[in-house]
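Visitor: with the sequence up front, the predicted model follows.
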Amino acid sequence: MDYKKLVTDALFKVLDGQITNEKIYQLLERPKSLDLGDYAFPAFPLAKILHKAPQIIATEIVAEIDQSHFQKIEAVGPYVNFFLDKSFFSADILRQVIEKEADFGNQNLGNGGNVPIDMSSPNIAKPISMGHLRSTVIGNSIAKMLQKVNYNPIKINHLGDWGTQFGKLIEAYKLWGSEEEVKADPINKLLEYYVRFHQEDIDHPELDEEARAWFKKLEDGDEEAIRLWQWFRAESLKSFMKIYDKLGIEFDSFNGEAFYNDKMDEVVEMLEKQHLLKESQGAQIVDLEEYNLNPALIKKTDGATLYITRDLAAAIYRKRTYDFVQSLYVVGNEQTNHFKQLKAVLKQMGKEWADDIHHIPFGLITQGGKKLSTRAGRVILLEEVLDDAVKLAEQQIAAKNPNLANKEEVANQVGVGAVIFHDLKNERMNNFDFDLEEVVRFEGETGPYVQYSHARATSILRKAGNPKFDITDTYQLSDNDSWEVVTKIASFPDVVKRAVQEYEPSVIAKYALHLAKAFNKYYAHTKILVEDEEILSRLALVKSVSIVLNESLRLLGVQAPKEM
C-alpha cells in the first residue's frame with residue numbers, strides 16, 4: 001500500500017478541488033521526529049486560495065477529515081500531522097518484506113533499457129591505486145541500483161591502453177629498463193620507469209620529443225612499439241584482475257582506448273562532411289562557441305588524435321551496439337569540461353541522443369589533504385590497502401569472537417567491505433581523507449557496523465530456530481521502538497528510487513546506517529525472544545531487518561556475513 005497516497009486521498013476529499021491530488025502528494029513531508037507524526041501537510045500554499053491563515057486552515061482540515069487507517073490526525077500550527085495506525089501499517093510492511101525478500105524495493109523505472117557505464121578505467125602499465133577506487137565502486141553500485149529498477153547495466157572498463165603516456169613509457173623502458181626486471185615485477189617496474197621519466201624530463205625536455213615520436217610509431221603500427229605495448233597491456237590486465245576479484249567486481253567489456261583506433265577515421269570524416277572541422281594553428285578543431293565552451297581539439301598538428309576523438313568514436317559505437325537509453329561516465333570531477341565538449345560535438349553532429357549521456361563526477365580521495373598523484377610518486381596501492389583492511393578486520397574478530405568458524409572468509413568480507421562502504425557513504429562530489437583504522441572500526445558510521453547489525457539479526461533468528469513465516473500471519477507491533485524500525489524499512493523503495501535518480505550510492509549507505517542504528521536501539525530496549533503472543537511479530541521484524549540490510553549492502557557491492 002502507498003501510505004503517502006492514502007494521506008493524499010484523505011486530504012483531497014476535504015479540500016474539494018482547491019488543490020490537485022498531485023500537488024498534495026508533492027507537498028507532503030516526513031517530519032524529522034516520529035513524535036510529530038509520519039506525514040505532515042503544510043497549509044501555507046492554501047492561504048492565498050482560501051484567504052485564511054494557515055493555522056486556521058490546518059485546524060479546519062483536521063475537523064473534517066476521515067480518520068480511518070490513522071491513529072490520529074492533529075493540527076500543529078500551520079501543519080496537519082498524520083499518525084498512521086501502527087499495528088495495521090506494521091503488519092502490512094512486514095508481510096511485504098517477508099513475501100518479496102530481496103525483491104523488496106524492486107521497481108520498473110527502466111523498462112529493461114540498456115545503460116552502458118564507463119567506469120574504473122585504469123591506465124595500463126600502472127598499478128591500480130586508491131585513486132581508481134571511487135570510479136570502480138561508484139560505477140559498480142550504480143549498476144546494481146539500476147538493475148534493481150529494471151535497467152540493463154553494461155559495465156565497461158574503458159582501459160587507458162593508448163595515448164602519449166605509452167610513448168613516454170616505451171622511451172623510459174628503452175633508456176633504463178630491462179626485460180628481466182619487468183618479468184620479475186611487471187607493474188612496479190613499469191611504474192618506476194614512468195615516474196623516473198617525469199623526474200628526468202624536467203632537466204631534459206628533449207625526452208618529451210622522443211616520447212611523442214614513439215607514440216606516433218605506435219599509431220603507425222611500428223612492430224617494436226606494438227610488441228612492447230601488447231606486453232605491457234597483458235601484464236597489467238593480470239594484475240588488475242586480482243584487484244577486481246578482491247572487490248567482487250566483474251565487467252561486461254574491457255574495450256579501452258585502443259579498441260577505437262580503427263573507428264576514429266569515420267568520426268573525422270563525419271565531421272568533415274558536416275563542415276564542422278576547422279583548422280586552427282595547424283590543428284583540427286570543432287568550434288563550440290555557441291555552447292560557451294572552448295574549441296574541441298580533434299587532431300593535433302602532427303595528426304595524432306586526442307581523448308575526445310576516441311570518446312566520440314566510443315559514444316557512437318555504444319549507441320550502435322547497445323541502443324542505450326542512458327550512457328553513464330563515472331569519471332572524476334576534473335573531467336567535467338571534457339564531457340560537456342563531448343556532448344556538444346555530438347549535438348553539433350545532429351546526435352540528439354547526446355542528451356542521454358550523463359557524466360557522473362566525483363571528488364577526490366586525499367592523503368593528508370593532498371591529492372594522490374602517480375606522476376609525483378605519491379601512490380597508495382589499492383591492493384595493499386585491501387590487504388591491510390583485511391588484517392585489521394582479522395585482529396578485531398580475534399578479539400571479539402575468537403571461536404568464529406570461518407574467520408578468514410569473514411575478515412575478507414569485513415575488510416574489503418569496509419573500504420567500499422567508506423567510499424560510498426560519502427556523497428560522491430565530496431573529497432575525503434582516508435584513514436584505514438577509522439574505516440575498519442566495528443563502531444560508528446562504518447561498513448562493519450552495518451554488517452555487524454545484519455549478523456546480529458541473523459543470530460537472533462538462529463537462536464529462535466530460524467522460524468518459518470507465512471504472509472497470512474498477523475503481525476501486531478505498536479511500540480515506538482519497533483515503529484521507528486518499521487517506518488525505516490517502509491521507506492526503502494523510495495530510498496532506492498532517489499539513489500537511482502541522483503546516481504548517488506551514499507543515499508543507500510546512509511539509509512543502511514540509519515536502519516542499523518534504529519534496529520540496535522530496538523534490540524537494546526526490547527526482549528525479542530520472550531515467549532508471548534507478540535514473539536512471531538518481533539521475529540518478523542528482525543527477519544525484515546536482515547533482508548533489507550542485506551539488500552542495502554548488496555546494492556553497494558558489500559557482502560553481509562551471517563556471523564561476525
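Guide: Okay, I see it.

Visitor: okay, now the unreliable bits of the protein?
Guide: Under the criterion pLDDT under 70, the flagged ranges of the chain are 304-305, 372-379.

Visitor: what segments of the stretch 351-500 of the chain are strands?
Guide: 357-359, 365-367, 370-371, 432-433 (DSSP state E, counting those that start in this stretch).

Visitor: also the chain?
Guide: Under the criterion DSSP state E, strands of the chain are mapped to 39-42, 70-76, 79-84, 114-118, 152-156, 277-280, 283-286, 296-299, 327-329, 357-359, 365-367, 370-371, 432-433.

Visitor: of the strands of the stretch 351-500 of the chain, flag the one that's most buried.
Guide: Ranked by mean neighbour count, these are led by strand 357-359 with a mean of 19 (mean count of other CB atoms under 10 Å). For every residue, glycine as well, the C-beta is placed using N, CA and C.

Visitor: measure the residue nearest in space to the middle of the chain to residue 419 for me?
Guide: Residue closest to the mean C-alpha point of the chain, counted by CA atoms, centre = their mean, is residue 138 at 3.3 Å. Residue 138 is 13 Å from residue 419, where distance means CB to CB, to the nearest Å.

Visitor: what do you get for residue 105?
Guide: 25 Å.

Visitor: then residue 154?
Guide: Counting by CB to CB - residue 154 and residue 419 are separated by 25 Å.

Visitor: what about those two, which has more around it?
Guide: Counted by other CB atoms under 10 Å, residue 154 and residue 419 do not tie: residue 419 has more neighbours, with 26 against 20.

Visitor: touching, the more buried one and residue 385? I think so.
Guide: Yes: if you go by CB atoms under 8 Å, residue 419 and residue 385 touch, sitting 6.3 Å apart.

Visitor: so where's the longest helix in this protein?
Guide: Criterion DSSP state H: the longest helix present in the chain is helix 223-247.

Visitor: got the domain boundaries for this structure?
Guide: Using automatic domain parsing, the domains assigned to the chain come out as 3-84, 114-260+323-367, 382-556.

Visitor: will you turn these into CSV that also has distance to residue 92?
Guide: Output for those, formatted as CSV (distance: least, CB to CB, whole Å):
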stretch, distance to residue 92
domain 3-84, 9
domain 114-260+323-367, 21
domain 382-556, 9
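
Visitor: nearest to residue 289, of the ones you listed?
Guide: domain 114-260+323-367 (10.1 Å; CB to CB).

Visitor: span of the closest one from start to end?
Guide: By CA to CA, to the nearest Å, the extent of domain 114-260+323-367 from end to end equals 37 Å.

Visitor: in stretch 281-300, what's buried?
Guide: For stretch 281-300, burial by neighbour count (16 or more other CB atoms under 10 Å) applies to 283, 284, 285, 286, 288, 293, 295, 296, 297, 298, 299.

Visitor: I misspoke; the intended subject was stretch 108-121.
Guide: By neighbour count, with 16+ other CB under 10 Å as the criterion, the buried positions of stretch 108-121 are 110, 113, 114, 115, 116, 117, 118, 119, 120, 121.

Visitor: dump the residue contacts of residue 461.
Guide: Counting by CB atoms under 8 Å, 6 or more residues apart in numbering, residue 461 touches 467, 539, 542, 543, 546.

Visitor: scratch that, residue 130 is what I was asking about
Guide: Contacts of residue 130 by CB under 8 Å, 6+ apart are 365, 367, 372, 380, 381, 382, 385, 434.

Visitor: which of these lies closest to residue 199?
Guide: Each of the contacts of residue 130 was scored against residue 199 by CB to CB, and residue 372 proved nearest at 17.5 Å.

Visitor: for residue 57, see how far away the residue in the chain sticking out farthest from the centre is.
Guide: Most distant residue from the mean C-alpha position of the chain: residue 51, 46.8 Å away (CA atoms, centre = their mean). From residue 51 across to residue 57, the span is 10 Å (CB to CB).

Visitor: adding distance to residue 150, write the buried residues of stretch 108-121 out as CSV.
Guide: Output for the buried residues of stretch 108-121, formatted as CSV (distance: CB to CB, whole Å):
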residue, distance to residue 150
110, 5
113, 8
114, 12
115, 11
116, 16
117, 16
118, 21
119, 20
120, 24
121, 26
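
Visitor: circling back: in PyMOL, select just the buried ones from the contacts of residue 130.
Guide: Buried residues within the contacts of residue 130, by 16+ other CB under 10 Å, are selected in PyMOL with:
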select buried, resi 365+372+380+381+382+385+434
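
Visitor: just put the contacts of residue 130 in CSV and tack on distance to residue 318.
Guide: CSV is the format used below for the contacts of residue 130 (distance: CB to CB, whole Å):
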residue, distance to residue 318
365, 28
367, 35
372, 29
380, 32
381, 31
382, 27
385, 32
434, 33
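
Visitor: hey, C-alpha coordinates of stretch 479-486 in CSV?
Guide: Output of stretch 479-486 as CSV, limited to C-alpha atoms (Å, rounded to 0.1, in the frame of the first residue of the first chain):
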residue,chain,number,x,y,z
ASP,A,479,5.5,0.2,20.4
ASN,A,480,7.6,3.2,19.5
ASP,A,481,10.9,1.4,19.1
SER,A,482,9.6,-1.1,16.6
TRP,A,483,7.6,1.6,14.8
GLU,A,484,10.9,3.5,14.2
VAL,A,485,12.3,0.4,12.6
VAL,A,486,9.2,-0.4,10.6
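
Visitor: next, the buried residues of that stretch.
Guide: Of all the residues in stretch 479-486, those buried under the rule 16+ other CB under 10 Å are 481, 482, 483, 484, 485, 486.

Visitor: nearest to residue 242 among these?
Guide: Ranked by distance to residue 242 (CB to CB), those are led by residue 485 at 40.0 Å.

Visitor: didn't the closest one look like it was pressed against residue 518?
Guide: Yes: between residue 485 and residue 518 there is a contact at 4.8 Å, judged by CB under 8 Å.

Visitor: quick one: contacts for the closest residue to residue 34 other than its chain neighbours?
Guide: Computed as CB to CB, 6 or more residues apart in numbering, the closest residue to residue 34 that is not its neighbour in sequence is residue 484, at 6.1 Å. Shown in contact with residue 484 (CB under 8 Å, 6+ apart): 34, 518, 521, 522.

Visitor: list buried residues within those residues.
Guide: Listed as buried from the contacts of residue 484 are 518, 522; burial here means 16+ other CB under 10 Å.

Visitor: closest one to residue 148 out of the contacts of residue 484, please.
Guide: Checking the contacts of residue 484 one by one against residue 148 (CB to CB), the nearest turns out to be residue 518, at 22.1 Å.

Visitor: which strand residues bridge the nearest residue to residue 271 once chain neighbours are set aside?
Guide: Using CB to CB, 6+ apart and skipping the chain neighbours, the partner closest in space to residue 271 is residue 277 (4.7 Å). Using DSSP bridges, the bridge partners assigned to residue 277 are residue 286.

Visitor: please report the distance of residue 277 from residue 262.
Guide: Residue 277 sits 19 Å away from residue 262, taking CB to CB as the criterion.

Visitor: again with residue 518
Guide: Distance of residue 518 to residue 262, given as CB to CB: 56 Å.

Visitor: before we move on, what about residue 524?
Guide: According to CB to CB, residue 524 stands 64 Å off from residue 262.

Visitor: all helices for the stretch 451-564 of the chain, in order.
Guide: Along the stretch 451-564 of the chain, counting by DSSP state H, counting those that start in this stretch, helices occupy 480-490, 492-501, 506-525, 535-556.

Visitor: contacts only, for residue 139.
Guide: Residue 139 makes contacts with 117, 118, 119, 120, 155, 328, 330, 360, as judged by CB under 8 Å, 6+ apart.
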